[in-house]
Each structure stands twice: as C-alpha cells, then as structure tokens.
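**Student:** I need the structure of the sequence given here:
(one chain, ligands or ions: 1)
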Amino acid sequence: MPASSSTAERPIGVFDSGIGGLTVVSALRRELPGENILYLGDTARVPYGGKSRRTIERYSEEIAALLVGEGAKMVVVACNTASALALARLREVLSVPVEGVIEPGVEAALAATVTGHIAVLGTKATIGSGAYADALRAARPGIRVTSRACPLLVPLVEEGLFEDEVTDAVLERYLGAIRAGDADTLVLGCTHYPLLTEALARAAGPAITLVDSAANCARTVARRLDQLGLRAPSGHPGTLDLSFTDPPDNFLQVVRLALGLEAGAARVRAARPLV
Ligand code: DGL
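**Tutor:** Sure thing, here's the model as predicted:
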C-alpha cells in the first residue's frame, strides 16, 4: 500500500559518529534533490571505530531514535562502523526502514575489480566485524580480500588534516603493503575517508581504483523510497538540516565547502543527555 503523502514529505534521517557521513549526504543531495535531509553527527562521542559492538549498538540506537523522534521517514546509517555492527539491531527496533553503507560499498567494489583482489580500509570495529569480507565473499565466492584497520584516519579527518605530511606518513604505513600487492580496488570503508581521497590516491598508487559507498547508497535509498511510495513530492528543492550532539568547530564549514553542501547554521540537538 502506498504510504500517505504526509509521510513522504517527512525528512530522511542520516547519522554518523561525526562529520564523515556528510560525504553520503552530498551523494543523497545529488541523487534526491527534492528530499529534506536531517543529519545528526554524534560529535560528542566520535570516534565509534574503537568501541565494542554493544556500545556501537547503543550509540546507534540512541542517535537513530532522535532522528525518528524528529519525524524521519527512513534512517540512513552513513557510518560503516554502525552499519557493520548495529544495522541488524536498528532494523529490529526502529519503526522506519533503515539503509546502511556496507552493501552499497560491496557493489561498488565488485563493479570495479578486474583482478578479483579487493583491499578494504575501515575502522578497527568495521574490519574486526568481517562485514565487508563476508559480504564480498557471499556476493562473489572466490574473491580475494585484504582488510586493513586504520584507526588513525578518523581523528586526522576530524582535525581537518586532509593534506598534511602527518597524514601522508600514516597512509604510507597503512597502504605500503597494499600498494606492493596485486589488489586493484581499494574500498574506502569508512565515510570519513572520501575526504582524504587525494592523499589516499597518492598513497595507493595509479594501479589501484578507489571506491566508496556514497553514490551507490544514494541510489539504494532512492530505490527503497520508490518501492515504499515514500519519495517526496516533486517540485520543491529539499532542505538540509545539520545537527550535532556537541558543537562542531569551524572545521565543519571547511567540510561543507569541500562537499558543496548548502545548509543553514548547524545546531546542537541532543534531546536528552547522551553519555
Ligand atoms: N564515519 C564512520 C565510519 O564510516 C567513522 C567511524 C568512527 O567514528 O570511528 O566508520
């Protein structure tokens, strides 16, 4: 049964541990310009990537509940860590459809690889969960997967060090062995990493294609909205509302400019204390 038009007019809720999910928002804006987007970055508790499944599930549930409480018609988990560890739980407890970023990233990687050897970068929790390796092997048995946890990259991005000798040195540490191997595709398995694309491409070398989840995730969301009769009525440009659980610093402005995002002032909107 098609959803009522008032439901379709409600925003899409998008969350991440911090500002990384804005790379997904940027793709959603391009794919779905008529949708209102409500973004919530859990800046009070970033990073999620070194935390346990239990904590990541709890944080994700709390953040997603804030979005649903504000009327979100769908929740997009724009965080690989939360998608890898908490997607099943969110689908169990939320009353609205939930989309994550792992499957879209897997699709992008499988479309790009020629050699059948894919390298995946992610947080400790994402890599430790095996979510990418499992999904890649399930989709294409026989695929080779090399996974590398990169715990220093999220703090470098949150500090705005996109182009910096410290970032280059860290990337060399993480990517040296991958560059020397025969993987031809590198999955940026964390929504913060596309903000480091240029430095990552230099470190990976010309033989490796970089892929991420953002564009495929936006297409999946569009498909789901259509299937559910939830696409916003056309004719009006959608709004973008950015909010955070702790005041974001001036660096947010740099990210917005880098991603071409237009939005009003960012707000701090924890509805109840998050600890
Ligand atoms: N953007 C999140 C991801 O995609 C970052 C995780 C973190 O907070 O460590 O995994």
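**Student:** so what's residue 104 up against?
**Tutor:** 213-217, 219-220 (C-beta atoms under 8 Å, 6 or more residues apart in numbering). (Glycine included, C-beta is placed from N, CA and C.)
**Student:** Can you tell me the closest non-neighbouring residue to residue 124?
**Tutor:** Counting by C-beta to C-beta, 6 or more residues apart in numbering, residue 149 is the residue found nearest to residue 124 once chain neighbours are left out, at 4.4 Å.
**Student:** what about the one you found, distance to residue 169?
**Tutor:** 17 Å (C-beta to C-beta, to the nearest Å).
**Student:** What residues does the protein have near the ligand?
**Tutor:** 16-18, 20, 46-49, 79-81, 123, 126, 154, 190-192 (C-beta under 6 Å from any ligand atom).
**Student:** So which of those belong to helices?
**Tutor:** Members of these lying in helices (criterion: DSSP state H): 80-81, 126, 154.
**Student:** Now list the buried members of the residues you listed.
**Tutor:** 80-81, 126, 154 (16 or more other C-beta atoms under 10 Å).
**Student:** Columns distance to residue 70 and pLDDT on top of those residues, output as TSV?
**Tutor:** Below are those laid out as TSV (distance: C-beta to C-beta, whole Å; pLDDT from 0 to 100):
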residue	distance to residue 70	pLDDT
80	24	98
81	23	98
126	27	98
154	26	92
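**Student:** Run through the strands of the stretch 51-200 of the chain in chain order.
**Tutor:** Taking DSSP state E, counting those that start in this stretch as the test, the strands found in the stretch 51-200 of the chain are 74-77, 98-99, 117-122, 144-149, 185-188.
**Student:** Helix, strand, or coil at the closest residue to residue 67 other than its chain neighbours?
**Tutor:** Counting by C-beta to C-beta, 6+ apart, residue 67 lies nearest to residue 13, which is 3.0 Å off, once chain neighbours are set aside. Three-state call for residue 13 (DSSP: H, G, I helix; E, B strand; the rest coil): strand.
**Student:** Output stretch 179-199 as CSV, nothing but the C-alphas.
**Tutor:** Written as CSV, here are the backbone C-alpha positions of stretch 179-199 (Å, rounded to 0.1, in the frame of the first residue of the first chain):
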residue,chain,number,x,y,z
ARG,A,179,50.3,-0.9,-2.9
ALA,A,180,53.0,-3.6,-3.2
GLY,A,181,50.4,-6.4,-3.6
ASP,A,182,48.1,-7.1,-6.6
ALA,A,183,44.8,-5.7,-5.3
ASP,A,184,43.3,-3.4,-8.0
THR,A,185,40.5,-1.9,-6.0
LEU,A,186,40.5,-0.1,-2.6
VAL,A,187,37.3,0.2,-0.7
LEU,A,188,37.1,3.4,1.5
GLY,A,189,35.2,1.5,4.2
CYS,A,190,34.5,4.5,6.4
THR,A,191,32.5,7.5,5.4
HIS,A,192,35.3,9.9,6.7
TYR,A,193,37.8,8.5,4.2
PRO,A,194,36.5,10.1,1.0
LEU,A,195,37.6,13.5,2.5
LEU,A,196,41.2,12.1,2.1
THR,A,197,40.7,10.9,-1.4
GLU,A,198,43.6,12.8,-2.9
ALA,A,199,46.1,11.7,-0.3
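**Student:** buried sites along that stretch?
**Tutor:** Within stretch 179-199, the residues that count as buried by 16+ other C-beta under 10 Å are 179, 183-196, 199.
**Student:** again with stretch 163-181
**Tutor:** Going by 16+ other C-beta under 10 Å, stretch 163-181 has these buried residues: 167, 170-171, 174-175, 178-179.
**Student:** Residue 74 versus residue 33, what's the distance?
**Tutor:** Distance from residue 33 to residue 74, counting by C-beta to C-beta: 16 Å.
**Student:** what's the spacing between stretch 6-13 and its chain's center?
**Tutor:** 20 Å (C-alpha atoms, centre = their mean, to the nearest Å).
**Student:** which other residues reach it?
**Tutor:** Taking C-beta under 8 Å, 6+ apart as the rule, stretch 6-13 contacts 28, 32, 35-38, 40, 64, 67-68, 70-76, 96, 221, 225, 229-233, 239, 241.
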